[in-house]
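J.: Attaching a predicted model along with its sequence, questions to come.
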Amino acid sequence: MHTQMTVRVFHLGAWLLLILIGCVGIFLSDAANAAESESFSNPAVTARLISAEDGIAPDAASVSLGLALEYGEGWKGYWRTPGEVGLAPEINWSGSTNLKSAELLWPAPERFEAFGIENFGYSGQVVLPIRARLEDDGHPLELRARVSLLTCSTVCVPHDFELSLALPQGIGIDTNSARQIATYADRVPAVPENSDIRISVTALDARDSALIVVATSDTPFGEVDVFPEFGPLVTFGKPDIRLDRDRTELWAQIPINAWTEEHAEPSVTITDTARAITAPITLTSDPPAPPFSSANPRTSVLKVVAVAAIAFLGGL
(Lines give C-alpha, C1' and ligand atoms only; values in the text may rest on other atoms or scores of the structure.)
Protein backbone atom coordinates (compact mmCIF):
# COMPACT_ATOMS: atom_id res chain seq x y z
CA MET A 1 0.00 0.00 0.00
CA HIS A 2 2.77 2.39 0.85
CA THR A 3 5.93 0.84 -0.61
CA GLN A 4 6.36 3.89 -2.84
CA MET A 5 5.68 6.39 -0.06
CA THR A 6 9.24 7.73 0.18
CA VAL A 7 9.45 8.21 -3.57
CA ARG A 8 6.17 10.10 -3.54
CA VAL A 9 7.20 12.64 -0.92
CA PHE A 10 10.54 13.27 -2.64
CA HIS A 11 8.62 14.59 -5.66
CA LEU A 12 6.68 17.14 -3.59
CA GLY A 13 9.01 20.07 -4.25
CA ALA A 14 8.92 19.52 -8.00
CA TRP A 15 5.16 18.98 -7.85
CA LEU A 16 4.54 22.32 -6.12
CA LEU A 17 6.88 24.08 -8.52
CA LEU A 18 4.95 22.59 -11.43
CA ILE A 19 1.71 24.06 -10.10
CA LEU A 20 3.21 27.49 -9.52
CA ILE A 21 4.71 27.59 -13.01
CA GLY A 22 1.48 26.30 -14.50
CA CYS A 23 -0.52 29.03 -12.79
CA VAL A 24 1.36 31.58 -14.87
CA GLY A 25 -0.63 30.18 -17.77
CA ILE A 26 -3.76 31.94 -16.56
CA PHE A 27 -2.44 35.07 -18.23
CA LEU A 28 -2.40 33.25 -21.56
CA SER A 29 -6.13 32.69 -21.53
CA ASP A 30 -8.91 35.22 -21.03
CA ALA A 31 -11.35 32.56 -19.86
CA ALA A 32 -10.42 29.05 -18.78
CA ASN A 33 -13.13 26.49 -18.19
CA ALA A 34 -12.58 23.99 -15.39
CA ALA A 35 -11.56 20.54 -16.54
CA GLU A 36 -13.21 18.00 -14.27
CA SER A 37 -14.95 14.67 -14.44
CA GLU A 38 -18.52 13.80 -13.72
CA SER A 39 -19.35 13.42 -10.02
CA PHE A 40 -19.99 10.27 -8.05
CA SER A 41 -22.24 11.17 -5.15
CA ASN A 42 -24.21 9.64 -2.30
CA PRO A 43 -24.82 10.66 1.34
CA ALA A 44 -21.40 9.34 2.40
CA VAL A 45 -19.12 10.90 -0.23
CA THR A 46 -18.98 13.02 -3.37
CA ALA A 47 -15.99 12.43 -5.66
CA ARG A 48 -14.62 14.20 -8.75
CA LEU A 49 -11.43 14.07 -10.78
CA ILE A 50 -10.07 17.59 -11.30
CA SER A 51 -7.23 19.08 -13.36
CA ALA A 52 -5.25 22.28 -12.93
CA GLU A 53 -4.81 22.40 -16.71
CA ASP A 54 -7.69 22.75 -19.15
CA GLY A 55 -5.63 21.16 -21.91
CA ILE A 56 -2.29 19.61 -22.75
CA ALA A 57 0.20 22.34 -23.66
CA PRO A 58 2.75 21.76 -26.43
CA ASP A 59 5.63 19.58 -25.16
CA ALA A 60 3.92 19.12 -21.77
CA ALA A 61 5.23 15.97 -20.05
CA SER A 62 2.95 15.93 -17.00
CA VAL A 63 -0.41 17.14 -15.73
CA SER A 64 -1.51 18.25 -12.25
CA LEU A 65 -4.60 16.29 -11.19
CA GLY A 66 -6.51 15.67 -7.98
CA LEU A 67 -9.14 13.32 -6.61
CA ALA A 68 -11.51 15.75 -4.88
CA LEU A 69 -13.49 14.11 -2.07
CA GLU A 70 -16.24 15.64 0.05
CA TYR A 71 -17.44 13.43 2.89
CA GLY A 72 -20.95 13.74 4.24
CA GLU A 73 -21.57 14.90 7.80
CA GLY A 74 -20.41 12.23 10.22
CA TRP A 75 -18.56 10.24 7.53
CA LYS A 76 -14.81 9.77 7.13
CA GLY A 77 -12.38 8.19 4.67
CA TYR A 78 -8.92 6.75 5.08
CA TRP A 79 -5.24 7.62 4.69
CA ARG A 80 -2.66 5.41 2.92
CA THR A 81 -2.22 3.63 6.28
CA PRO A 82 -5.76 3.45 7.66
CA GLY A 83 -5.00 2.41 11.24
CA GLU A 84 -6.45 -0.57 13.09
CA VAL A 85 -9.45 -0.94 10.75
CA GLY A 86 -10.10 0.51 7.31
CA LEU A 87 -9.00 0.58 3.67
CA ALA A 88 -7.04 3.26 1.82
CA PRO A 89 -8.48 4.63 -1.45
CA GLU A 90 -7.13 2.97 -4.59
CA ILE A 91 -7.28 4.07 -8.24
CA ASN A 92 -7.00 1.76 -11.24
CA TRP A 93 -6.09 3.67 -14.41
CA SER A 94 -6.65 0.82 -16.88
CA GLY A 95 -8.32 2.07 -20.04
CA SER A 96 -6.64 5.49 -19.94
CA THR A 97 -4.92 6.79 -23.07
CA ASN A 98 -1.50 8.50 -23.16
CA LEU A 99 -0.98 7.97 -19.43
CA LYS A 100 2.49 6.72 -18.46
CA SER A 101 2.12 6.90 -14.68
CA ALA A 102 -0.04 8.48 -11.98
CA GLU A 103 1.52 9.25 -8.60
CA LEU A 104 -0.97 9.63 -5.75
CA LEU A 105 0.11 11.95 -2.93
CA TRP A 106 -1.29 11.81 0.61
CA PRO A 107 -1.97 14.94 2.69
CA ALA A 108 -1.32 14.55 6.41
CA PRO A 109 -4.17 12.64 8.11
CA GLU A 110 -6.40 13.20 11.11
CA ARG A 111 -6.80 10.69 13.92
CA PHE A 112 -10.24 9.20 14.53
CA GLU A 113 -11.10 7.19 17.61
CA ALA A 114 -14.29 5.17 18.03
CA PHE A 115 -14.87 2.43 20.62
CA GLY A 116 -11.16 2.55 21.44
CA ILE A 117 -10.16 1.81 17.82
CA GLU A 118 -7.61 4.11 16.18
CA ASN A 119 -8.10 5.12 12.54
CA PHE A 120 -6.30 7.66 10.35
CA GLY A 121 -7.87 9.58 7.49
CA TYR A 122 -9.98 12.52 6.43
CA SER A 123 -13.35 14.17 7.03
CA GLY A 124 -15.06 17.12 5.38
CA GLN A 125 -13.20 18.02 2.18
CA VAL A 126 -9.86 16.74 0.93
CA VAL A 127 -8.06 16.61 -2.42
CA LEU A 128 -5.60 13.78 -3.05
CA PRO A 129 -3.07 15.33 -5.49
CA ILE A 130 -2.07 13.22 -8.48
CA ARG A 131 0.95 13.84 -10.68
CA ALA A 132 0.23 12.27 -14.08
CA ARG A 133 3.05 11.69 -16.57
CA LEU A 134 2.28 11.42 -20.28
CA GLU A 135 3.42 8.72 -22.67
CA ASP A 136 3.67 11.24 -25.53
CA ASP A 137 4.50 14.82 -24.56
CA GLY A 138 2.03 17.41 -25.75
CA HIS A 139 -0.61 14.90 -26.88
CA PRO A 140 -4.22 14.65 -25.59
CA LEU A 141 -4.90 12.70 -22.41
CA GLU A 142 -7.96 10.53 -21.75
CA LEU A 143 -8.38 9.30 -18.19
CA ARG A 144 -10.44 6.35 -16.98
CA ALA A 145 -10.18 6.06 -13.21
CA ARG A 146 -11.69 3.11 -11.35
CA VAL A 147 -11.86 4.31 -7.73
CA SER A 148 -12.31 2.03 -4.72
CA LEU A 149 -12.69 3.55 -1.28
CA LEU A 150 -14.27 2.90 2.10
CA THR A 151 -16.28 5.38 4.14
CA CYS A 152 -17.31 4.89 7.76
CA SER A 153 -19.78 6.49 10.15
CA THR A 154 -21.84 4.33 12.48
CA VAL A 155 -21.47 1.74 9.70
CA CYS A 156 -18.82 1.27 7.00
CA VAL A 157 -19.75 1.37 3.31
CA PRO A 158 -17.44 0.43 0.40
CA HIS A 159 -17.68 2.35 -2.88
CA ASP A 160 -16.47 1.34 -6.34
CA PHE A 161 -17.04 3.78 -9.20
CA GLU A 162 -15.56 5.19 -12.40
CA LEU A 163 -14.56 8.74 -13.24
CA SER A 164 -13.50 9.93 -16.69
CA LEU A 165 -11.74 13.06 -17.87
CA ALA A 166 -10.49 14.09 -21.32
CA LEU A 167 -7.88 16.80 -21.78
CA PRO A 168 -7.40 17.91 -25.41
CA GLN A 169 -4.43 19.82 -26.73
CA GLY A 170 -4.57 23.41 -25.57
CA ILE A 171 -3.34 26.03 -23.12
CA GLY A 172 -5.27 27.22 -20.09
CA ILE A 173 -5.28 26.96 -16.29
CA ASP A 174 -8.28 26.74 -14.00
CA THR A 175 -7.34 28.84 -10.98
CA ASN A 176 -9.83 27.18 -8.60
CA SER A 177 -8.70 23.63 -9.33
CA ALA A 178 -5.02 24.65 -9.31
CA ARG A 179 -5.49 26.34 -5.93
CA GLN A 180 -7.21 23.28 -4.44
CA ILE A 181 -4.54 20.90 -5.68
CA ALA A 182 -1.71 23.16 -4.49
CA THR A 183 -3.33 23.63 -1.07
CA TYR A 184 -3.48 19.92 -0.36
CA ALA A 185 -0.13 19.18 -2.01
CA ASP A 186 1.32 21.59 0.55
CA ARG A 187 -0.13 19.38 3.31
CA VAL A 188 1.72 16.29 2.11
CA PRO A 189 4.40 15.46 4.74
CA ALA A 190 7.85 16.77 3.84
CA VAL A 191 11.02 14.69 3.64
CA PRO A 192 13.51 15.11 6.52
CA GLU A 193 15.89 17.40 4.63
CA ASN A 194 13.05 19.84 3.96
CA SER A 195 11.85 20.08 7.57
CA ASP A 196 13.18 21.31 10.90
CA ILE A 197 11.64 18.26 12.61
CA ARG A 198 14.28 15.58 13.22
CA ILE A 199 13.48 12.03 14.38
CA SER A 200 16.45 10.89 16.46
CA VAL A 201 15.27 7.61 18.04
CA THR A 202 12.81 4.86 17.11
CA ALA A 203 13.00 1.87 19.43
CA LEU A 204 10.97 -1.11 20.59
CA ASP A 205 10.57 -1.75 24.29
CA ALA A 206 11.83 -4.96 25.86
CA ARG A 207 8.55 -6.82 25.33
CA ASP A 208 7.87 -5.56 21.80
CA SER A 209 4.70 -4.03 23.21
CA ALA A 210 5.36 -0.39 22.34
CA LEU A 211 7.27 1.81 19.90
CA ILE A 212 9.23 4.75 21.34
CA VAL A 213 9.83 7.79 19.12
CA VAL A 214 12.04 10.76 20.03
CA ALA A 215 12.14 13.89 17.88
CA THR A 216 13.27 17.51 18.09
CA SER A 217 12.20 20.67 16.29
CA ASP A 218 13.70 24.13 15.83
CA THR A 219 10.13 25.49 15.92
CA PRO A 220 8.04 24.67 19.02
CA PHE A 221 5.53 21.88 18.47
CA GLY A 222 1.84 22.81 18.48
CA GLU A 223 -0.92 20.23 18.00
CA VAL A 224 1.32 17.24 17.35
CA ASP A 225 0.56 13.59 16.53
CA VAL A 226 2.62 10.54 15.57
CA PHE A 227 1.70 7.90 12.96
CA PRO A 228 4.00 4.85 12.60
CA GLU A 229 3.74 2.86 9.36
CA PHE A 230 4.99 -0.73 9.40
CA GLY A 231 2.70 -2.35 6.85
CA PRO A 232 -0.82 -3.81 7.02
CA LEU A 233 0.01 -6.52 9.58
CA VAL A 234 1.18 -4.08 12.26
CA THR A 235 -1.26 -1.86 14.14
CA PHE A 236 -0.81 0.67 16.91
CA GLY A 237 -2.96 2.24 19.62
CA LYS A 238 -3.22 5.84 20.76
CA PRO A 239 0.19 7.39 21.47
CA ASP A 240 1.32 8.83 24.78
CA ILE A 241 2.96 12.06 23.55
CA ARG A 242 5.10 14.18 25.86
CA LEU A 243 6.79 17.53 25.18
CA ASP A 244 9.43 19.41 27.16
CA ARG A 245 8.76 22.85 28.62
CA ASP A 246 9.94 24.62 25.45
CA ARG A 247 7.90 22.23 23.27
CA THR A 248 10.92 21.56 21.04
CA GLU A 249 11.58 17.99 22.22
CA LEU A 250 9.09 15.17 21.75
CA TRP A 251 8.94 11.74 23.36
CA ALA A 252 6.14 9.40 22.27
CA GLN A 253 5.21 5.87 23.25
CA ILE A 254 2.81 4.10 20.90
CA PRO A 255 1.32 0.79 22.11
CA ILE A 256 1.59 -2.09 19.64
CA ASN A 257 -1.68 -3.98 19.17
CA ALA A 258 -0.50 -6.34 16.41
CA TRP A 259 3.09 -7.05 15.44
CA THR A 260 5.14 -9.02 12.94
CA GLU A 261 8.81 -8.94 12.03
CA GLU A 262 7.82 -8.84 8.36
CA HIS A 263 7.60 -5.17 7.43
CA ALA A 264 9.28 -3.34 4.56
CA GLU A 265 10.41 0.27 4.61
CA PRO A 266 9.03 1.26 8.03
CA SER A 267 8.50 4.96 8.57
CA VAL A 268 7.09 7.47 11.03
CA THR A 269 4.95 10.49 10.18
CA ILE A 270 4.79 13.38 12.64
CA THR A 271 2.05 15.93 12.05
CA ASP A 272 1.93 19.37 13.61
CA THR A 273 0.09 22.64 13.13
CA ALA A 274 0.52 23.54 9.42
CA ARG A 275 3.42 21.10 8.90
CA ALA A 276 4.26 17.40 8.79
CA ILE A 277 7.19 15.07 8.09
CA THR A 278 7.55 11.46 6.98
CA ALA A 279 10.91 9.81 7.64
CA PRO A 280 12.21 6.28 7.06
CA ILE A 281 13.41 4.72 10.31
CA THR A 282 15.75 2.07 11.67
CA LEU A 283 14.61 0.31 14.83
CA THR A 284 16.81 -0.08 17.90
CA SER A 285 16.24 -2.03 21.11
CA ASP A 286 17.40 0.69 23.52
CA PRO A 287 14.34 2.87 24.21
CA PRO A 288 14.87 6.02 26.28
CA ALA A 289 12.81 6.47 29.43
CA PRO A 290 9.98 9.03 29.42
CA PRO A 291 11.62 12.39 30.22
CA PHE A 292 8.52 14.56 30.60
CA SER A 293 5.13 14.39 32.29
CA SER A 294 2.32 12.64 30.43
CA ALA A 295 0.24 14.72 28.06
CA ASN A 296 -2.18 12.04 26.88
CA PRO A 297 -3.47 9.10 28.95
CA ARG A 298 -2.79 5.72 27.38
CA THR A 299 -5.61 3.45 26.39
CA SER A 300 -4.95 -0.06 27.66
CA VAL A 301 -4.26 -2.66 25.00
CA LEU A 302 -6.72 -5.05 26.66
CA LYS A 303 -9.52 -2.48 26.38
CA VAL A 304 -8.73 -1.82 22.72
CA VAL A 305 -8.75 -5.53 21.90
CA ALA A 306 -12.01 -6.13 23.75
CA VAL A 307 -13.85 -3.23 22.16
CA ALA A 308 -12.44 -4.04 18.72
CA ALA A 309 -13.79 -7.56 19.04
CA ILE A 310 -17.23 -6.22 19.95
CA ALA A 311 -17.17 -3.81 17.01
CA PHE A 312 -16.10 -6.58 14.65
CA LEU A 313 -18.92 -8.88 15.78
CA GLY A 314 -21.37 -5.99 15.48
CA GLY A 315 -20.18 -5.37 11.93
CA LEU A 316 -20.77 -9.00 11.03
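T.: The structure has been received and is ready for your questions.
J.: so where's the stretch 201-316 of the chain uncertain?
T.: Counting by pLDDT under 70, the stretch 201-316 of the chain has low-confidence residues at 293-316.
J.: ditto for the stretch 1-150 of the chain
T.: Ranges of the stretch 1-150 of the chain meeting pLDDT under 70: 1-34.
J.: which residues of it fall in strands?
T.: Along the stretch 1-150 of the chain, the segments classed as strands by DSSP state E, counting those that start in this stretch run 35-36, 40-41, 45-51, 62-71, 76-83, 90-92, 99-104, 110-114, 117-123, 125-134, 141-152.
J.: okay if I get those as CSV plus mean neighbour count and distance to L167?
T.: (Glycine included, C-beta is placed from N, CA and C.) Formatted as CSV, the strands of the stretch 1-150 of the chain follow (neighbours: other C-beta atoms under 10 Å; distance: least, C-beta to C-beta, whole Å):
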stretch, mean neighbour count, distance to L167
strand 35-36, 21, 6
strand 40-41, 16, 19
strand 45-51, 22, 6
strand 62-71, 23, 7
strand 76-83, 23, 26
strand 90-92, 14, 17
strand 99-104, 16, 11
strand 110-114, 16, 32
strand 117-123, 22, 26
strand 125-134, 21, 9
strand 141-152, 20, 5
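J.: Let me have these in CSV, extended by distance to F236.
T.: As requested, these are arranged in CSV below (distance: least, C-beta to C-beta, whole Å):
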stretch, distance to F236
strand 35-36, 37
strand 40-41, 32
strand 45-51, 26
strand 62-71, 24
strand 76-83, 8
strand 90-92, 22
strand 99-104, 23
strand 110-114, 11
strand 117-123, 7
strand 125-134, 22
strand 141-152, 18
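J.: Would you mind saying which of the ones you listed lies nearest E223?
T.: Across the strands of the stretch 1-150 of the chain, E223 has its closest neighbour in strand 110-114 (10.7 Å, C-beta to C-beta).
J.: Who are the packing partners of the closest one?
T.: Applying 3 or more C-beta pairs under 8 Å, 6 or more residues apart in numbering; DSSP states H and E, we find strand 110-114 packed against strand 117-123.
J.: let's see it at 10 Å
T.: For strand 110-114, the elements it packs on are strand 76-83, strand 117-123, strand 225-229, helix 301-315, judged by 3 or more C-beta pairs under 10 Å, 6 or more residues apart in numbering; DSSP states H and E.
J.: In its sheet, which strands sit next to it, and in what direction?
T.: Partner strands and pairing direction for strand 110-114 (DSSP bridges) are strand 117-123 (antiparallel).
J.: and the angle for the strand it pairs with with strand 225-229?
T.: Counting by axes from the mean of the first three to the mean of the last three C-alpha atoms, to 10 degrees, strand 117-123 points 100 degrees away from the direction of strand 225-229.
J.: angle of strand 117-123 against strand 141-152?
T.: Put simply, strand 117-123 runs at 140 degrees to strand 141-152, going by the same axes, to 10 degrees.
J.: heads up, I number from 620, so please use that
T.: All set: I'll call the first residue 620, so the last point we hit is now strand 736-742.
J.: now strand 736-742 against strand 695-702, angle please.
T.: With the same axes, to 10 degrees defining the directions, strand 736-742 sits at 130 degrees from strand 695-702.
J.: picking that back up, right, so of the strands of the stretch 620-769 of the chain, which gets closest to A871?
T.: strand 729-733 (12.8 Å).
J.: can you list contacts of the closest one?
T.: Contacts with strand 729-733, where a contact means C-beta atoms under 10 Å, 6 or more residues apart in numbering, come from 695, 697-698, 701-705, 737-743, 745, 771-773, 844-846, 856-858, 890, 918, 923, 926, 930.
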